[in-house]
Structure formats: structure tokens, C-alpha cells
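Enquirer: Build me a model from this:
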Amino acid sequence: MYALLAIGLSLIFGMLTVVNFAHGAFFMVGAFIGLYFLGLTGNFWFSLVLTPLVVGAIGLVTERFIVRPLYGRGIDYPLLLTFGLSWVLIEAMRVMFGIEGLPSSTPPELRGAVDLGFGYFPKYRLFLILATAVIVLALWLFLEKTRYGLIVRAGSRDGEICKVLGIDIARVWLVVFGIGTGIAGLSGVCWRPRGRSIRRWASTCWPRASSSRSSAAWARCPARCWPGCWWASCSRSRRSSHPIWPSCRSSC
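Expert: Numbering: from 1, shown residues only. Here you go, the predicted model:
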């Protein structure tokens, strides 16, 4: 997840030279929008596909009408703008979803752990590893093997020459900003099922850990499902007598 966040952030900075301080806020927006779609449809996979598109569309509007007028005015202007935008997004999520923790759970098909031969590993974490690898590979192929990726790389080095060659560099910046924010939204919707509740997940740049009681219990969970899942390895009597067994059982 940190890799996905870093990719989106570095893509925007490398192409637009914009230090996007609202990147963590887009991550948070993805988590809440994913939760909304999940409650609306009851389908995690539907929210996984639709949320990046919605967050990316928000990023397109942000770049076109908010960030673009500040190009060429120095690096401080977009930095301060996105810093303020992050707090606007945080407060907007508070208004829409409230300040209390919201329930969140892992999809049924990805619950539990698998035996890798040397220990148990949660299925959902395996899914995150594979999904991240696929996204990173797809983005690399897009940038290295396609004509549009060549334009993006050329524009990051010398936008003026691209304009001379007849390339609409503004449209390229728009697409790159949308892709970066869309990846941030995807990170949020993927990270959401890891905890049992969602609160305010973004500070200025990076998400904060939830301070809910359930998250604190999960942090104290013995071994936290790795390297040998405590839920699977302990006897039923020992598990049921542990004070934080309900949280560990749900997380495992």
C-alpha cells in the first residue's frame, strides 16, 4: 500500500513538479467512498473497481480548475494550495460520514489464513501483495511500452519541447494527475478492510492510525496472524479465555 501511495505521489511530482500535499487526503477519500459503495451494493469487488475511477475523476477536476492556474508561479503556490485542499477533503468526509468509527470488514472470500509451509499468512495480505505487483507492472508497461507513456516521460523532462512538437501537454498533465489520485483512491479502498473501523485516515500527507478501541486491541493481538496464526495454533479454551479474542478472531 505504501508502494502504491509512493507511485502516485512520485508520478504527479515527476510530471507536474507539484508537491501534492493532498495525496494522503485522496487516499482517505478512497477509503470512505469505497465504504459507501460497499454499503450500497454489498460487493467489495464492485467498490474496488469503481472507487479509483471516482477518486481519479475528483483528481481530474482538481487539476483542471484548482491546480492548473498556479503552474509557472513557483513550487510554493501548489504546495500551499494542496495543503489547504487536504484539510477541505478531511472536513468534507467528516460532514458526510460523521466523526465516529465506521464498521469495516474483510470480504468473506479473503478471510482466514493459508498455510505456506513455514507458517500461516492472511489471505487478504496475499491479495494486497499480488494486486500491488499487478498495478506496478501495469503502470511500468504503460510508461515504458506505450506511445502515451513515452509522451509522459518526455513531458516530465522538457514540457516546452513537447509543446513545440504539437503535443497538448496540458491534457497529459490532466491524465497524469488523474492516474496519480486514482491510485491513491485504490490504496484507500484496499487498506480499508484491514481494520474494523474507519475514522480520520489522513493527516497532511500520510494516513493516521485509528484510535478506536478495536484497533488498539488488534495492535495487542499476539503475533497478529504472523508468522503462526494465533487463532489457528492455540486451543479453543485458551482462545476463548483471552480478553481480546473477539478482535483477533475477526482480524484473523
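Enquirer: who's in contact with the nearest residue to Leu128 once chain neighbours are set aside?
Expert: Once flanking residues are discounted, Leu128 sits nearest to Cys190: 6.0 Å by C-beta to C-beta, 6 or more residues apart in numbering. Bear in mind the C-beta positions are built from the backbone N, C-alpha and C, glycine included. Shown in contact with Cys190 (C-beta atoms under 8 Å, 6 or more residues apart in numbering): 1, 4, 48, 128, 131.
Enquirer: What residues sit buried inside the helix or strand harbouring Cys190?
Expert: Under the criterion of DSSP states H and E, Cys190 resides in helix 169-191. Across helix 169-191, burial judged by 16 or more other C-beta atoms under 10 Å covers 169, 172-191.
Enquirer: again, but for stretch 84-94
Expert: Neighbour-count burial for stretch 84-94, counted by 16+ other C-beta under 10 Å, picks out 85-86, 89-90, 93.
Enquirer: next one: stretch 92-112
Expert: For stretch 92-112, by 16+ other C-beta under 10 Å, it's 93, 97, 101-102, 104, 106-107, 112.
Enquirer: closest to Tyr77 among these?
Expert: Met93 (25.1 Å; C-beta to C-beta).
Enquirer: show me where pLDDT drops low in this protein?
Expert: 193-252 (pLDDT under 70).
Enquirer: so of the buried residues of stretch 92-112, which ones are in helices?
Expert: 93, 97 (DSSP state H).
Enquirer: now, which of the buried residues of stretch 92-112 lie within strands?
Expert: Members of those lying in strands (criterion: DSSP state E): Leu102.
Enquirer: helix or strand right after the helix or strand hosting Val29?
Expert: Per DSSP H and E, Val29 falls inside helix 23-41. Next helix or strand after helix 23-41 toward the C-terminus (DSSP H and E): helix 44-62.
Enquirer: now for that next one, which elements pack on it?
Expert: In terms of contacts (3 or more C-beta pairs under 8 Å, 6 or more residues apart in numbering; DSSP states H and E), helix 44-62 is packed against helix 23-41, helix 169-191.
Enquirer: Adding distance to Leu116, write these out as a markdown table.
Expert: Below are the helices and strands packed on helix 44-62 laid out as a markdown table (distance: least, C-beta to C-beta, whole Å):
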| stretch | distance to Leu116 |
| --- | --- |
| helix 23-41 | 28 |
| helix 169-191 | 21 |
